[in-house]
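>>> here is my input; please provide its structure:
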Amino acid sequence: MHNKIYLLAIFAAPAIAAFVTLILMSFMLRSSMFSSIQDVPNARSLHDQPIPRFGGLALMLGVLIGWHFVDKHNVAILFIPVFFLMLLSLLDDLGDLPAKWRLLVHLLIAIGFVWVAFDGLPFYGTVLLWLGLVWMTNLYNFMDGSNGLAGGMAVLGFGFYALAAYVQGDSYFALMSLVIVAPSLVFLAFNFGKAKVFMGDAGSIPLGFLAGAIGLLGWQKGLWPAWFPVMVFSNFIVDATATLFKRLLRGERVWEAHREHYYQRLIQMGWSHQKTALVEYLLMITFGSVALLAMNLAIPYVVFLLTVCILTILALMHFVDKRWQIE
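Numbers count the residues shown, from 1 in each chain. Down below sits the predicted model:
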């Protein structure tokens, strides 16, 4: 009986989440109610016409509704912070909230999550989790600047989380991530290639939080080692982190819009959005597969594989830098 209920849930919950996102996305694109939620081109943009940016709202509502058909013990700790991040980010999509207030709320939510989920950690460990979670929360926002990129990152990243949890025997934890994968695929159908809709902060910020929070919960439950989530999302983490520090060293205002991420440079150098997204997908599939295979290896082998992955990303970034200087 228990297995029958799970088999029903594993099909029903992601399907319901995807269906909700599809209905909402279709309605929003046809309704004048959402016409004010537009991504107007700015210094960061790679598009030259206003594009609707409520795709992330439809995606996250699909996730939240789909989670009602998942084991409540797994999703309860995530539901409230994700809901409030979605609302805050929707306000930002509508009216550009000051960065300092957004970051303050992100930090408070990270503190609350860590306080509830990780009781008994030493203070320095708690602070590291706060900062890491805030960084991952904003990572998606940094990478949500090219068609298909953030949506594909969600499909692949949470897909690897689901696969790793299933391999480790926690099917319900895997289902929680599958409910994120399904509506992300629906969003991708509207965003890949010539985008009809963008994700916006209402999707990218909660997804960034979930990338960090589910990664931490899986580590806490013993489903994967602490380095696993970092390796799964490594090409995006390295891109965003390296770009941030380069701008800091130049004394630039890092909170201002820009087009200096490596995926943005590739597009400015003549690559299409599709080609850029597919290359990033290939990198993520490669590093995620290596992470999955290395979960049960001895530490020396893991260190070697992590080093190879990071050096590969740095070498690719160096190649882009050289081509950028030439052009």
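
>>> can you show me the helices along the stretch 101-250 of the chain?
Assigned by DSSP state H, counting those that start in this stretch, the helices in the stretch 101-250 of the chain fall at 123-143, 149-167, 171-191, 201-220, 227-232, 234-249.

>>> what are the buried residues along the shortest one?
Under the neighbour-count criterion of 16 or more other C-beta atoms under 10 Å, helix 227-232 has W227, F228, P229, V230, M231, V232 buried. Quick note: C-beta positions are derived from backbone N, CA and C, even for glycine.

>>> immediately after the worst-scoring helix or strand of the chain on mean pLDDT, which helix or strand?
Across the helices and strands of the chain, the lowest-confidence element by mean pLDDT, DSSP states H and E is strand 38-39, at a mean of 67. On the C-terminal side of strand 38-39, the nearest following helix or strand under DSSP states H and E is strand 51-52.

>>> kindly calculate the angle that the next helix or strand along the chain from that next one makes with helix 123-143.
Where DSSP H and E defines the elements, the next helix or strand beyond strand 51-52 is helix 55-66. Here helix 55-66 points in a direction 130 degrees away from that of helix 123-143 (axes from the mean of the first three to the mean of the last three C-alpha atoms, to 10 degrees).

>>> so what secondary structure elements neighbour helix 55-66?
Counting contacts by 3 or more C-beta pairs under 8 Å, 6 or more residues apart in numbering; DSSP states H and E, helix 55-66 packs against helix 2-30, helix 72-95, helix 171-191, helix 201-220.

>>> what sits up against the second one?
Going back to what we said before, that points to helix 72-95. Helix 72-95 is contacted by residues 36-37, 53-54, 56-57, 60-61, 63-64, 67, 97, 102, 105-106, 109, 112-113, 116-117, 137, 172-173, 176, 200-206, 209-210, 213-214, 217 when judged by C-beta atoms under 8 Å, 6 or more residues apart in numbering.

>>> next, the angle helix 55-66 makes with that helix.
Using the same axes, to 10 degrees: helix 72-95 against helix 55-66 is 160 degrees.

>>> one more: the last one?
The directions of helix 201-220 and helix 55-66 differ by 50 degrees, with the same axes, to 10 degrees as the criterion.

>>> for helix 201-220, give the mean pLDDT please.
Across helix 201-220, pLDDT averages out at 95.

>>> give me the distance between the closest residue to D170 other than its chain neighbours and M176.
Spatial nearest neighbour of D170, chain neighbours left out: L223 (5.8 Å); criterion: C-beta to C-beta, 6 or more residues apart in numbering. Relative to M176, L223 is positioned 11 Å away (criterion: C-beta to C-beta, to the nearest Å).

>>> more neighbours: which of these two?
M176 (26 against 22; other C-beta atoms under 10 Å).

>>> got the contact list for the more buried one?
W67, V70, D71, N74, V75, L78, I214.

>>> just give me the closest of those residues to A13.
V70 (5.3 Å; C-beta to C-beta).

>>> wouldn't the closest one be in contact with S177 here?
No. If you go by C-beta atoms under 8 Å, V70 and S177 don't touch, sitting 9.9 Å apart.
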